[in-house]
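*Asks:* No sequence on hand, only this structure:
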Ligand SMILES: Cc1cc2nc3c(=O)[nH]c(=O)nc-3n(C[C@H](O)[C@H](O)[C@H](O)COP(=O)(O)OP(=O)(O)OC[C@H]3O[C@@H](n4cnc5c(N)ncnc54)[C@H](O)[C@@H]3O)c2cc1C
């Protein structure tokens with residue numbers, strides 16, 4: 001995990017705003033995410049997550065630590081005749097994930113194809129298109145309870 005100072009965000013947001021993060025880190029695992037948050041807390045920094053940067057307007061430089069979500073991975077959890085549950089990393093590209101489900105014949109997410117951004121951001125605003133919203137397809141979301149950050153803990157919230 002490498003922390004960068006004064007990191008340019010221009011290529012990391014869809015509008016291309018030329019803002020800088022005071023400090024910036026990419027996280028690829030839960031443990032790196034916890035380390036990043038602990039680091040920010042130890043420095044009394046505010047922190048924020050950035051995914052694909054397709055729904056943020058950077059009016060000015062971002063203070064504190066900006067954490068780029070890059071946790072990847074797709075795992076089949078269970079499959080029945082009518083339902084398949086897949087565990088997917090928050091840093092996966094949303095459209096690529098939808099394409100992957102279709103390649104594997106896991107139907108349902110078609111209307112949500114081509115929405116920019118990451119899997120982790122999808123439940124934050126409940127992405128939707130053509131009369132469908134992602135909430136209808138979410139079994140559960142793993143979240144960090146920021147009130148329980150010392151030590152950090154992950155909670156699974158069922159839909
Ligand atoms: C051209 C275009 C078309 C779009 N079309 C649609 C559409 O059809 N339907 C639709 O619903 N939206 C649409 N959007 C909006 C956008 O695709 C969604 O808001 C998407 O979910 C943003 O994902 P992101 O990874 O880019 O999030 P970001 O822009 O990086 O972040 C958005 C917010 O979510 C938070 N966040 C991101 N990742 C996480 C995480 N892992 N954990 C906690 N918080 C997180 C960030 O802190 C920020 O507050 C469109 C956007 C663009 C630019």
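*Replies:* That came through, no problem. Keep in mind that this is a model prediction, so the values were computed, not measured.

*Asks:* List, one by one, the residues from the protein near the ligand.
*Replies:* Within the chain, the positions near the ligand by CB under 6 Å from any ligand atom are 14, 48-56, 69, 90, 115-118, 120-122, 124-125, 127-129. Just so you know, the C-beta spots here come from the backbone N, C-alpha and C atoms, and that holds for glycine as well.

*Asks:* if we go to 5 Å?
*Replies:* Counting by CB under 5 Å from any ligand atom, the chain comes close to the ligand at 14, 49-56, 69, 90, 115-118, 120-121, 124-125, 127-129.

*Asks:* Report the contact partners of residue 113.
*Replies:* Neighbouring residues of residue 113 by CB atoms under 8 Å, 6 or more residues apart in numbering: 95, 98-99, 102.

*Asks:* What's the local residue count around residue 50?
*Replies:* Per other CB atoms under 10 Å, the neighbour tally for residue 50 reads 20.

*Asks:* That one touches residue 65, doesn't it?
*Replies:* No - if you go by CB atoms under 8 Å, residue 50 and residue 65 don't touch, sitting 10.7 Å apart.

*Asks:* how much space is there between residue 80 and the ligand?
*Replies:* 28 Å (CB to the nearest ligand atom, to the nearest Å).

*Asks:* which residue packs closest to the residue positioned nearest the centre of the chain, ignoring adjacent ones?
*Replies:* In the chain, the residue lying closest to the centroid (CA atoms, centre = their mean) is residue 120, at 2.8 Å. In this structure, residue 120 finds its nearest non-sequential neighbour in residue 90, 2.6 Å apart by CB to CB, 6 or more residues apart in numbering.

*Asks:* Quick check: most distant residue from the centroid of the chain.
*Replies:* Most distant from the centre of the chain: residue 81, at 29.3 Å, with distances by CA atoms, centre = their mean.

*Asks:* re the thing from before, now the residue nearest to the centre of the chain, what's its secondary structure?
*Replies:* Following DSSP: H, G, I helix; E, B strand; the rest coil, residue 120 is assigned to coil.
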